[in-house]
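1. Make a model of this:
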Amino acid sequence: MAAISREEVAHLARLSRLAVTEEELDQFAGQLDVILQSVARVGEVAAEDIPPTSHSVPLTNVYREDVPTPSLAQEAALSGAPDAYEGRFRVPRILDEED
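-> Numbers count the residues shown, from 1 in each chain. Sure thing, here's the model as predicted:
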């Protein structure tokens, strides 16, 4: 017996605001049934003694020490700018200010 009926597919299509033909109802019912059976099979495989995982291999974050280092001087950073004003990059205005 199918896990999902044509009526359920039609209901889901209405909720999703999808226009579905009669032929598509049968097609989608079959496809959704295969998907639900596959998910059920995965559920059967899960054993109680195996903890759930999100990755197949353990992941660890690698952090470096947060050590302050000398940074680029303002003049050097602005040296390649096509236009600079008062120690900042100057760019063309793209939005008008609202009054």
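
2. What's the biggest helix in the chain, counting residues?
-> helix 22-45 (DSSP state H).

3. residues in contact with that helix?
-> With contact meaning CB atoms under 8 Å, 6 or more residues apart in numbering, helix 22-45 is reached by 2-6, 8-10, 13, 20. Every C-beta, even on glycine, is put in place using the N, C-alpha and C of the backbone.

4. Tally up the residues packed near Val9, please.
-> Here the number of neighbours of Val9 (other CB atoms under 10 Å) works out to 23.

5. name the element it belongs to?
-> Using DSSP states H and E, Val9 falls within helix 6-15.

6. Ramachandran angles for Phe89?
-> Here is the backbone geometry of Phe89 (degrees, to the nearest 10): phi -70, psi 140.

7. hang on, it packs against Leu78?
-> Yes. Under the criterion of CB atoms under 8 Å, Phe89 makes contact with Leu78 at 7.0 Å.

8. could you check the angle helix 6-15 makes with the worst-scoring helix or strand of the chain on mean pLDDT?
-> Within the chain, no helix or strand scores below helix 22-45, which has a mean of 88 by mean pLDDT, DSSP states H and E. Counting by axes from the mean of the first three to the mean of the last three CA atoms, to 10 degrees, helix 22-45 lies at 100 degrees to helix 6-15.
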